[in-house]
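> Based on what follows, work out the 3D shape:
(4 chains)
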Amino acid sequence: MTGREYTLRELMTVIAAKQLEDNKAVAVGTGLPLAAAMLAQKTLAPNLLIVFEAGGVAPQLQTLPISVGDSRTIHRALMCTTLIDIMDMMRRGYIDYAFLGGAQIDKYGNLNSTMIGNDYEKPKVRFPGSGGANDFGSLAWETMIIMDRHGPRRFVENVDYITTPGFLTGPNAREEAGLSPGTGPSRVITDLCLFDFHPETKIMRLIATHPGITVDDVKKATGFEIEVADKIEVSTPPTLEDLRILHEVIDPDGRIFPTK
Amino acid sequence: MTGREYTLRELMTVIAAKQLEDNKAVAVGTGLPLAAAMLAQKTLAPNLLIVFEAGGVAPQLQTLPISVGDSRTIHRALMCTTLIDIMDMMRRGYIDYAFLGGAQIDKYGNLNSTMIGNDYEKPKVRFPGSGGANDFGSLAWETMIIMDRHGPRRFVENVDYITTPGFLTGPNAREEAGLSPGTGPSRVITDLCLFDFHPETKIMRLIATHPGITVDDVKKATGFEIEVADKIEVSTPPTLEDLRILHEVIDPDGRIFPTK
Amino acid sequence: MREFTRNNKTRAMIDKRMDVDEAVKKYVKNGDYIAMGGFGHIRIPMVTIYEIVRQRIKNLSVAGHTAVQDIDMLMAGGCVSNVDIAYVVGFELRGLSGVQRRLFESGQVKKTDYTNGAMSYRVRAGAQGIPFIPVKVMLGTDTMRHSPGKVVKCPFTGEKVLLLPALNPDICIVHVHRADMYGNCQIDGHIVKDDLQVRASKRVIVSCEELVDTEVFRADPGKTIIPFFMVDAVIEQPWGSHPGNMPYKYYFDHEFTENYLTVGRNKDTSVMDKWLDEWVYSLDNFNDYITKLGAAHLYKLRDDEFLRPPKRGK
Amino acid sequence: MREFTRNNKTRAMIDKRMDVDEAVKKYVKNGDYIAMGGFGHIRIPMVTIYEIVRQRIKNLSVAGHTAVQDIDMLMAGGCVSNVDIAYVVGFELRGLSGVQRRLFESGQVKKTDYTNGAMSYRVRAGAQGIPFIPVKVMLGTDTMRHSPGKVVKCPFTGEKVLLLPALNPDICIVHVHRADMYGNCQIDGHIVKDDLQVRASKRVIVSCEELVDTEVFRADPGKTIIPFFMVDAVIEQPWGSHPGNMPYKYYFDHEFTENYLTVGRNKDTSVMDKWLDEWVYSLDNFNDYITKLGAAHLYKLRDDEFLRPPKRGK
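Model (predicted):
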């Protein structure tokens, strides 16, 4: 279709997997982030601890769950605990990474998954709300944001509603609001590129573009002024082994990664 | 020994048992209060719910436990939960009665189980402290106080240290301190008599004397001015059936009620 | 709460079995604040949800704590006027609900947004019997600004915390694996927050897959999640979480839910009315619903749960 | 706490088995705040307590949360300088401890009084990672007046509550029924507050009656009370709670404790020194202690636990 040997979804998953260090813990939901965590476990981070918001700890997943609380998430798990216990663990610093997404994001990584429109009482579009997102964005050490359909209506100067905190209004704003030092979004993975956040300005910074995408493409697709790293990498495509693991081991039924 | 067919300990236990209504819940420790609750269950209050502070709920006791957390307290229990869950239940109003004791008591039913002396840093005698007593005295609907060795050194004008709240400084003082309305001590059972508390003054009020004890005996043994009910009952002695249950069913080993 | 418990919750072990219609008539009132057990599509108390819709209870306030099929059905049935939101509208990977979008976007149903953690913490405070709880979530966001939470400084450390009010629902409905006639309950797999939510609530209706002898609880008291004296009604109803997932019993009914979602997304709301009539109002009770689903359909959900392949020769 | 966790607690499953002397050397420091699992005489981590005494650790602050034999041994060994008291000095029905009376009455050991509930609530706050918690106990009493608690009005309801600071011990020691080499733990019977206390603490030493395969946990994940990543050291030590009661394993050693109490009540403190020498300092490790007790003596405690009469012909 695109002339590539992989889909953008697969590429994003592989990039997400590479952000996860070994001997750390990640809180996941379902879908792409879970696939990324499983891929990391099977490649570079065999000791990555996977924790589900609903209480599953370190399961041996046989098949991809379709809900963060479904039976699959505790299949041969080491512990099945409560949602509040998972939140408490995260608060106490046990969870290094969490994955987030949303309908809109601003330059400080603030996320909106609540509503489109200006009137909280009568929104144009009502989305699910925080769920665990605000908790993850407040309590985990690093949040990894995954956004597909990278465009100016999703990457906006001001989100309509801050559901989940990024760096809020900029440097020190998290700390001033009462959130813990050393936390916040660390990566934004889109279908065009990879961002981190500038250590001083806390503004989203382009660090890699996907094959065939230019810096200009990214700028045009983004509704705010981004930071650009001195050296822009080109994203490394998935290896054949990555793809084999995704299709044969992680998602043999093709729920997340349909085979072409 | 005393010419009686029963010991004062047995009498106190039987009186305590009679204070417990059916279909209510009591939090107990070990010893006499537990024996009283078991006796109530086997006589007038078959649906009395017995809960142990350490987490045992409605056990079928085979033998008297010697510690509030020992294995006997969860023998065929309906639930074995945590200490904090029991405290939370009590706070939410599930526990009607709790039994308390102490080294000293004042006219408002305030109890001292912490220390004798004036110097908190260097007490003359150091006792165990609150344990769960303050929690019970704060959270249960009614507290039943059991005091043996009724005398002026134990029934005092001012306790050296208020470990557990009675009516504190008198009417409304509990509410003003932040404790819930409708709570507080309801009975004091001693080896001489039975008190309740005057509904207006919240001062200990004599309502029954044990056989052979006069109102004057009680006054002399008490280091503060008591209220006296219009009509003073004489405590009903244990029946033969009461004694049979205590000795044969509840305490066959004679741990609490040694056979003469 | 304390007074209510004292006067309305017997501490005696009495037989609390009843049919779901009786339980709802007795304990669910118009205008009540309701909380549901389970999480998402998991172990949700659908038997009682369907009955609340059938009895056309109105003006419920709902704890929307990762509420999916349960809240959607209540909203489709017109039972809801207000929601405390942690997660609503979404059916996770299955997309958004047309029913809920319509009612929230028109402002017909009022709401306040919280988070999953925040709602659990509020219920923890309710269970502990304290009026508020300090939390470290929601800070700095619109989720906080639109909530009743108050930011204060800790008197011991000086750090900022958000105080949230305790939550004490009028009625909590939960579906569990097994209960006895008095209301003692065991749950297999995720407890989620049901332990706390039952404790925080005034009234509790339990439905169970299986009614068992009290001996089951006495044999393993550490496994009792809900003790009898917190429970007001016990309903035995196998498949009572359908179309949800009952761990170790049956998996989601994906087909049923997808069809339901499609119906709800139809702009012509009479399509949903027709669905409700067919699956709720026209049926006398949940057993009729189960019968209508059919045995073959249901047993496939059991196979799905255990990841068993379809039988050969089928 | 957060920073400590991030930098010092691996999330990898690694073999954490060690001997108790190594665990105490590594993780228990002079001046630490220590919390012990169990309750009263029940499931107390005596193997680690004896080792702390043996290594003559000093100036410990102790969470005296219904502390009986455990704290008494630490105080007899001169390890303690400060105690947060819920219940100390007493041995329940067995009376008061001479050792503790001496040290508290002379002012040698400092203390602050709380209650059982209050100490649990403080640990709950520590586990939740919030700096304080509102409680409805201690109000109006000297127990409150001598504490750091602060009375405030609830900003939502106006009612008075007491705020207590969270408790986050430096080290928590617990004894459990079974653990694997990574630190996953199961407990039978009372959990008491061990779940919360482990979560609130920076370092955790687990001793267990039995070291089992990880498969045991994967087969029943709902029974895991402590997950591996919270644990720093795992010690396998049968009888590790002696002279305490290990539910479903062995009962109190009444005879041993009565004798120990008598020794402690002797005004001549050299009698206790001699006892310590005989039962702690002169022994290399806990296995020597067990050997010294003797098999017949120990197996009687097993009979006691199950209420079995002595064998005939004994």
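> And for C:Tyr121, the neighbour number?
Residue neighbour count, defined by other C-beta atoms under 10 Å in any protein chain shown, stands at 31 for C:Tyr121. C-beta here means a position set from N, CA and C on the backbone, and glycine is covered the same way.
> Confirm that it lies within a strand, as I assumed.
No. Judged by DSSP: H, G, I helix; E, B strand; the rest coil, C:Tyr121 forms no part of a strand; its state is helix.
> wait, isn't it in contact with C:Val135?
Yes. Counting by C-beta atoms under 8 Å, C:Tyr121 touches C:Val135, with 4.9 Å between them.
> ok, and the closest non-adjacent residue to C:Cys154?
Closest residue to C:Cys154 in three dimensions, ignoring its sequence neighbours and counting by C-beta to C-beta, 6 or more residues apart in numbering or on different chains: D:Pro131, at 4.2 Å.
> go on, C:Arg54?
Here the residue nearest C:Arg54, using C-beta to C-beta, 6+ apart, is C:Val280, at 5.4 Å.
> Need the three-state assignment for that neighbour.
Assigned by three-state DSSP, the conformation of C:Val280 is helix.
> where along chain C do the helices fall?
Under the criterion DSSP state H, chain C contains helices at C:2-8, C:20-27, C:46-54, C:69-76, C:98-105, C:116-128, C:142-145, C:194-200, C:215-218, C:254-265, C:270-276, C:286-293, C:295-305.
> circling back: how about the contacts made by the residue nearest to C:Cys154?
Applying C-beta atoms under 8 Å, 6 or more residues apart in numbering or on different chains to D:Pro131 gives the contacts C:Pro134, C:Cys154, C:Phe156, C:Thr157, C:Glu159, C:Val161, D:Ala125, D:Pro165, D:Ala166.
> Give me the buried entries from those.
Using 16 or more other C-beta atoms under 10 Å in any protein chain shown as the burial test, these include C:Pro134, C:Cys154, C:Val161, D:Ala125, D:Pro165, D:Ala166 as buried.
> Hmm, C:Val109 is touching C:Asp84, no?
No. The criterion here is C-beta under 8 Å, and C:Val109 misses it with C:Asp84 at 11.6 Å.
> what about C:Lys274, distance to chain D?
Distance from C:Lys274 to chain D, counting by C-beta to the nearest C-beta, to the nearest Å: 42 Å.
> A:Asn172 too?
Distance, A:Asn172 to chain D, by C-beta to the nearest C-beta: 18 Å.
> quick one: pLDDT of that residue?
Note on A:Asn172: pLDDT of 97.
> got it, and C:Glu92?
Looking at C:Glu92, its pLDDT reads 83.
> ok, now how distant is the residue nearest to it when sequence neighbours are not counted from A:Leu78?
Sequence neighbours aside, A:Ser67 is the residue nearest to C:Glu92 in space, at 5.3 Å (criterion: C-beta to C-beta, 6+ apart). Look at A:Ser67 and A:Leu78: by C-beta to C-beta, to the nearest Å, they are 20 Å apart.
> can you check A:Tyr6 too?
Counting by C-beta to C-beta - A:Tyr6 and A:Leu78 are separated by 33 Å.
> what's the answer for C:Gly37, then?
C:Gly37 is 24 Å from A:Leu78, by C-beta to C-beta.
> More neighbours: which of the two?
Taking neighbours as other C-beta under 10 Å, C:Gly37 and A:Leu78 compare with C:Gly37 leading, 29 against 23.
> what about the nearest residue to that one once chain neighbours are set aside, how many residues close to it?
Nearest non-adjacent residue to C:Gly37, counting by C-beta to C-beta, 6+ apart: C:Val174, 3.2 Å away. Neighbour count of C:Val174, defined by other C-beta under 10 Å: 29.
> got the contact list for C:Val174?
Per C-beta under 8 Å, 6+ apart, neighbours of C:Val174: C:36-38, C:45, C:185, C:194, C:197-198, C:204-207, C:226.
> Just list whatever residues bridge to it.
C:Val206 (DSSP bridges).
> Likewise for C:Asn82?
Residues in a beta bridge with C:Asn82, per DSSP bridges, are C:Ser61, C:Lys110.
> Quick check: the gap between it and C:Glu105.
From C:Asn82 to C:Glu105 the distance is 16 Å (C-beta to C-beta).
> so where do the helices sit in the stretch 151-260 of chain A?
In the stretch 151-260 of chain A, the helices defined using DSSP state H, counting those that start in this stretch lie at A:173-177, A:215-221, A:240-244.
> Give me whichever of these is most buried.
helix A:173-177 (a mean of 18; mean count of other C-beta atoms under 10 Å in any protein chain shown).
> List of residues touching that one?
Identification of contacts with helix A:173-177 by C-beta under 8 Å, 6+ apart yields A:Tyr108, A:Pro165, A:Phe167, A:Leu168, A:Ser180, A:Pro181, A:Thr183, A:Gly184, C:Leu139, C:Gly140, C:Lys160.
> buried subset of these?
By 16+ other C-beta under 10 Å, those give A:Tyr108, A:Pro165, A:Phe167, A:Leu168, A:Ser180, A:Thr183, A:Gly184, C:Leu139, C:Gly140, C:Lys160 as buried.
> now, among those residues, which is nearest to chain B?
Distance to chain B across the buried ones among the contacts of helix A:173-177 (C-beta to the nearest C-beta) is lowest for C:Lys160, with 24.7 Å.
> Touching, that closest one and C:Val151? I think so.
Yes. Taking contacts as C-beta under 8 Å, C:Lys160 lies within contact range of C:Val151: 5.7 Å.
> list residues touching both of those two?
Residues touching both C:Lys160 and C:Val151 (C-beta under 8 Å, 6+ apart): A:Gly178, C:Leu139.
> and chain C, which residues reach chain D?
C:121, C:128-136, C:148, C:150, C:152, C:154-157, C:159, C:161, C:163, C:165, C:188-189, C:191, C:222 (C-beta under 8 Å from any C-beta of the partner chain).
> Likewise for the stretch 101-250 of chain A?
By C-beta under 8 Å from any C-beta, the residues of the stretch 101-250 of chain A that approach chain D are A:Trp141, A:Ser180, A:Gly182.
> Next one: the first one relative to A:Asp96, how far apart?
Remark: distance between A:Trp141 and A:Asp96 (C-beta to C-beta) = 5 Å.
> Overlap in contacts, these two.
Counting by C-beta under 8 Å, 6+ apart, the shared contacts of A:Trp141 and A:Asp96 are D:Arg6.
> Where does pLDDT dip in the stretch 201-314 of chain C?
Scanning the stretch 201-314 of chain C for pLDDT under 70 picks out C:310-314.
> residues from it in reach of chain B?
Residues of the stretch 201-314 of chain C lying close to chain B by C-beta under 8 Å from any C-beta are C:Thr214, C:Phe217, C:Arg218, C:Ala219, C:Pro221, C:Gly222, C:Thr224, C:Pro227, C:Phe228, C:Phe229, C:Met230.
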